[in-house]
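> Provide a 3D model corresponding to the input given below.
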Amino acid sequence: MAYLSLPARRVELAADKSGFNEGNLTFNFTNDVITAKPSQFELYHAAIPSGIPSGTLLTVYLGTQLFSVAQLESIGDWDPAQPMLLQPGQDVYACTNILIADLPTPTPVMTCWFRYDSTFI
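Here you go, the predicted model:
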């Protein structure tokens with residue numbers, strides 16, 4: 001395989017847009033944020049460098065499908081054993097158990113890294 005990187009994407013922790021985490025905060029990587037064009041690509045790593053309360057539960061969805069669950073410390077590193085395979089138009093939601101009223105200051109940011117197999121295209 002010949003992987004090529006896509007631009008990393010960053011979003012701030014905000015009110016949930018997934019519909020699975022009402023009243024709590026979510027990292028909403030919607031299609032308009034991801035904007036990748038390859039017919040298939042992977043989310044292979046994500047990091048939250050600061051601001052997450054220790055013990056935060058991270059529940060990751062690919063669209064409406066549960067993909068992964070992780071418990072984070074005060075910094076977060078989500079490195080799935082198997083990369084998440086995406087197609088253009090799909091959304092990724094990293095839901096937390098942090099209440100909207102408890103938004104940390106400064107607002108935590110999650111960065112996701114994407115790649116695609118150039119031999120596949």
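
> all strands of this protein, in order?
Taking DSSP state E to define them, one finds strands in the chain at 3-12, 14-15, 24-29, 41-48, 56-62, 65-72, 76-78, 84-86, 92-99, 109-117.

> Compute the inter-axis angle for the first one and strand 92-99.
Pointing back at strand 3-12 there. Counting by axes from the mean of the first three to the mean of the last three CA atoms, to 10 degrees, strand 3-12 lies at 30 degrees to strand 92-99.

> low-scoring pLDDT stretches of this structure, where are they?
Scanning the chain with the threshold set as pLDDT under 70 gives 1, 74, 120-121.

> for the residue nearest the centre of it, what are its contacts?
Against the mean C-alpha coordinate of the chain, by CA atoms, centre = their mean, the closest residue is Ala94 at 4.8 Å. Shown in contact with Ala94 (CB atoms under 8 Å, 6 or more residues apart in numbering): 26-27, 29, 46, 58-60, 78, 110. From N, CA and C alone the C-beta is placed, and that goes for glycine too.

> What sits closest to it if chain neighbours are left out?
Phe27 (4.0 Å; CB to CB, 6 or more residues apart in numbering).

> repeat for Val60
Using CB to CB, 6+ apart and skipping the chain neighbours, the partner closest in space to Val60 is Ser68 (4.4 Å).

> from memory that neighbour sits against Leu57, does it?
No: Ser68 is beyond contact range of Leu57, at 11.3 Å (criterion: CB atoms under 8 Å).

> May I have the beta-bridge partners of the closest residue to Ser18 other than its chain neighbours?
With sequence-adjacent residues excluded and distances taken as CB to CB, 6+ apart, Ser18 is closest to Tyr93, at 3.8 Å. With DSSP bridges as the criterion, Tyr93 is bridged to Asn28, Tyr61.
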